[in-house]
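Visitor: Return a 3D structure for these sequence lines:
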Amino acid sequence: MNTGLSFFERYLTVWVLLAIIAGTLIGFAWPSLAVFLDRFSYAQVSIPIAICLFFMMYPIMVKIDFSRVKAAAKTPKPVVLTLVINWLIKPFTMYVIAYLFLGFLFRDLIEGTEVIKGGEVEIYRSYISGAILLGIAPCTAMVLMWSYLSRGNDALTLVMVAVNSLTMLVLYAPLGGLLLSVNKMPIPWQTIFLSVLVYVGLPLVSGYYTRKSIIGRKGIDYFNSVFLHKLTPIAITALLVTLVVLFILKGEVIIKQPLDIGLIAVPLFIQTIFIFAIGYAASRLIKLKYEDAAPAAIIGASNHFEVAIATAVVLFGLNSGAAVATVVGVLIEVPVMLMLVRFCLRTQSWFPVRESRSK
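Guide: Residues are numbered from 1 along each chain as shown. Presented below is the predicted three-dimensional model:
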């Protein structure tokens with residue numbers, strides 16, 4: 001099947017797995033490298049991670065067409081569905097599921113404490129905090145690829161990404177503060193707003209003005225056929241470099257804590273499947289077309305692990321349990337989302353399909 005994807009994009013899962021393995025092994029073999037990378041930080045923001053995340057997010061933000069937000073008002077049901085799932089359901093189910101498994105069922109298997117900003121915290125609470133940070137960060141990047149692979153409505157996906165990205169700027173910090181306060185973790189509000197500004201706001205503003213400038217000078221055809229093709233490899237390369245750096249920083253922890261990694265993965269996997277099921281069932285209930293239903297369900301299930309990791313690192317430190325939990329989110333994100341994409345393709349008949357859409 002001709003997917004229209006480049007060789008680099010077509011085997012993205014392979015490159016992601018190789019990047020994770022390479023980073024993990026490097027981090028385990030040379031733990032001093034993690035210490036060295038950690039030195040490059042400013043105001044508790046890791047400069048290497050910040051640079052990688054910017055180049056990963058910037059090309060995605062450039063693709064957002066803000067004029068489509070107006071068009072989405074004519075078919076608001078899919079957008080409203082993602083907003084309800086992402087901001088009224090997902091954060092709270094993540095908290096409940098994470099607490100049920102990590103704070104109750106697996107509680108006796110997770111031993112130890114850690115010191116965060118001068119206070120001693122039980123490690124299982126830190127893991128729950130990491131899970132919460134994943135739950136309040138809906139995906140705004142990889143979901144575009146998942147939507148494409150599931151033959152979803154790309155234009156609508158862009159709208160949903162744009163709306164949820166803007167919503168995240170407003171709700172990410174309040175939701176994080178609310179749920180993390182419930183979990184009795186310290187909340188440095190200034191750091192939360194700074195991390196959202198650096199990892200989401202800055203690429204969003206840069207992407208907006210880049211798009212406006214290129215289209216104004218070169219035209220929309222050049223922008224779509226030439227400029228975006230040049231940007232896509234940059235985003236994927238930045239993603240892989242980010243994964244390598246992240247797993248260099250966490251490689252030693254992952255290999256030395258296989259039990260904890262496995263325990264954290266269980267609630268994250270269940271939450272992903274549960275949220276996808278809610279979105280998919282709701283899409284069928286409100287009679288969405290398949291092309292709209294697939295991305296609407298996927299965007300709720302997928303997590304913006306880049307923002308979650310960055311925020312966990314900024315809030316609690318590179319070696320915190322919260323950062324470990326968000327790294328586990330990276331471990332399961334790609335294989336689980338690819339599984340859900342295949343499920344969508346096999347269940348297209350559950351939904352009406354637009355006649356213009358080729359099968």
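Visitor: And the strands in the stretch 1-150 of the chain?
Guide: Under the criterion DSSP state E, counting those that start in this stretch, the stretch 1-150 of the chain carries strands at the ranges 41-42, 45-46, 113-116, 119-122.
Visitor: in the third one, what's buried?
Guide: Of the residues in strand 113-116, those scored as buried under the neighbour-count criterion (16 or more other CB atoms under 10 Å) are 114, 116. Using the backbone N, CA and C atoms, a C-beta is placed for each residue, glycine as well.
Visitor: which neighbours does it have in its sheet, and in what orientation?
Guide: Here strand 113-116 has these sheet partners by DSSP bridges: strand 119-122 (antiparallel).
Visitor: Give me the number of neighbouring residues for the residue lying closest to residue 305 once chain neighbours are set aside.
Guide: Using CB to CB, 6 or more residues apart in numbering and skipping residues adjacent in sequence, the residue nearest residue 305 is residue 329, 4.5 Å away. Using other CB atoms under 10 Å, residue 329 is surrounded by 26 other residues.
Visitor: ditto for residue 287
Guide: Residue 287, neighbours per other CB under 10 Å, totals 10.
Visitor: What of residue 284?
Guide: With other CB under 10 Å as criterion, residue 284 counts 16.
Visitor: Could you double-check that it lies in contact with residue 351?
Guide: Yes. Between residue 284 and residue 351 a contact is recorded at 6.3 Å, counting by CB atoms under 8 Å.
Visitor: before we move on, could you check phi and psi at residue 64?
Guide: phi -70, psi 120 (degrees, to the nearest 10).
Visitor: so where's the stretch 201-350 of the chain uncertain?
Guide: Along the stretch 201-350 of the chain, the parts satisfying pLDDT under 70 run over 250, 253, 306, 310, 318.
Visitor: Identify the contacts common to residue 284 and residue 351.
Guide: Counting by CB atoms under 8 Å, 6 or more residues apart in numbering, the common neighbours of residue 284 and residue 351 are residue 293.
Visitor: before we move on, the earlier item: quick check: which element contains the residue nearest to residue 305?
Guide: Using DSSP states H and E, residue 329 sits in helix 321-346.
Visitor: what's the angle from the helix or strand hosting residue 170 to helix 321-346?
Guide: Using DSSP H and E, residue 170 maps to helix 154-182. When axes from the mean of the first three to the mean of the last three CA atoms, to 10 degrees is applied, the directions of helix 154-182 and helix 321-346 differ by 150 degrees.
Visitor: Residue ranges in the stretch 51-200 of the chain under the pLDDT threshold?
Guide: 60, 66, 68-73, 117-118, 140-142, 145, 181-196, 199-200.
Visitor: and the residue lying closest to residue 109 once chain neighbours are set aside, how many residues sit next to it?
Guide: Using CB to CB, 6+ apart and skipping the chain neighbours, the partner closest in space to residue 109 is residue 263 (6.1 Å). Residue 263 has 20 neighbouring residues, counting by other CB under 10 Å.
Visitor: What is the helix or strand in which residue 263 is found packed up against?
Guide: Assessed by DSSP H and E, residue 263 sits inside helix 258-285. Contacts defined by 3 or more CB pairs under 8 Å, 6 or more residues apart in numbering; DSSP states H and E place helix 258-285 against helix 76-84, helix 90-100, helix 123-135, helix 290-301, helix 321-346.
Visitor: can you do 6 Å?
Guide: If contacts are counted by 3 or more CB pairs under 6 Å, 6 or more residues apart in numbering; DSSP states H and E, helix 258-285 sits against helix 90-100, helix 290-301, helix 321-346.
Visitor: Of these, which is nearest residue 12?
Guide: helix 321-346 (7.9 Å; CB to CB).
Visitor: Determine the angle, from 0 to 180 degrees, between the closest one and helix 90-100.
Guide: Going by the same axes, to 10 degrees, helix 321-346 makes 120 degrees with helix 90-100.
Visitor: how about the nearest residue to residue 152, chain neighbours excluded?
Guide: residue 295 (3.8 Å).
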